[in-house]
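Q: The following comprises the amino acid sequence and a computationally predicted model.
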Amino acid sequence: MKNKENIRILLTDDDVDDREFFADATTDIHLNFPVEFCKNGQELLNRLYDKNLDVPDIIFLDLNMPVMSGFESLKQIRDNAKFKDIPIIAIYSTSATEDGIKNTFGLGANAYIVKPTDFNDLKKLIKKVIEMDWEERLKHLEIGSFIITV
């Protein structure tokens, strides 16, 4: 990943309150780079294939969405070699289920988080994801280190 002070984050989540919560958290931790939003997996794919827009550096991807789920869009993203190096953080709204973890890992997500309800926890998670050494993590990704917690 390029300079961590100039990265592009994209959150795909169908819940407007969760998008606003995420936006407020990124503002509160003084991120000085753009955060973009998509409402569902199809909108995410349309955004990624738009040649007029830069590819994001990190994607936070909610799994439970209408139109196209996070699972479906994750599979389609990973089927395209152009997007293979983008860290994708799978987000599950309620809890980490063993099936959900295994499924997202198998589909090519790079991390899994349970969507925090606490504002400070969300800020900590976003910072943790941004500060990770993604090049190193992608080389040695294992299911045991797949879940990111505060």
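A: Nice, thanks for sending it over. The model shown is predicted, which means the values in this text are computed figures rather than measured ones. Numbering: from 1, shown residues only.
Q: any residues touching the helix or strand R19 falls within, and which ones?
A: Assigned by DSSP states H and E, R19 falls within helix 16-28. With contacts defined as C-beta atoms under 8 Å, 6 or more residues apart in numbering, helix 16-28 is touched by I9, L11, D13, V35, F37, F60, D62, K115, F119, L122, K123, I126. All C-beta atoms are positioned from the backbone trio N, CA, C, and that covers glycine.
Q: okay, those in a markdown table with secondary structure and pLDDT next?
A: As requested, these are exported to a markdown table (DSSP: H, G, I helix; E, B strand; the rest coil; pLDDT from 0 to 100):
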| residue | secondary structure | pLDDT |
| --- | --- | --- |
| I9 | strand | 92 |
| L11 | strand | 95 |
| D13 | coil | 94 |
| V35 | strand | 88 |
| F37 | strand | 96 |
| F60 | strand | 94 |
| D62 | strand | 91 |
| K115 | coil | 84 |
| F119 | helix | 93 |
| L122 | helix | 92 |
| K123 | helix | 92 |
| I126 | helix | 91 |
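Q: Just the buried ones out of the residues you listed, please.
A: Buried residues within those, counting neighbours by 16 or more other C-beta atoms under 10 Å: I9, L11, D13, V35, F37, F60, D62, K115, L122, K123, I126.
Q: For those, give me TSV that also has distance to G70.
A: Shown next, in TSV, are the buried ones among the contacts of helix 16-28 (distance: C-beta to C-beta, whole Å):
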residue	distance to G70
I9	16
L11	11
D13	9
V35	18
F37	14
F60	10
D62	5
K115	12
L122	18
K123	22
I126	18
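Q: from those, which single one is nearest I147?
A: Distance to I147, by C-beta to C-beta, is smallest for K115 among the buried ones among the contacts of helix 16-28, at 12.7 Å.
Q: Let me know whether that closest one touches I91 as I believe.
A: Yes - applying C-beta atoms under 8 Å, one finds K115 in contact with I91, separated by 5.1 Å.
Q: Quick check: neighbours shared by the two?
A: With C-beta under 8 Å, 6+ apart, K115 and I91 have common neighbours D62.
Q: before we move on, the earlier item: quick one: mean pLDDT for the helix holding R19?
A: In this model, helix 16-28 has a mean pLDDT of 92.
Q: what about the residue of the chain most remote from its centre, distance to K39?
A: Centroid-distance maximum for the chain: N52 at 21.3 Å, with C-alpha atoms, centre = their mean. As judged by C-beta to C-beta, to the nearest Å, N52 and K39 stand 19 Å apart.
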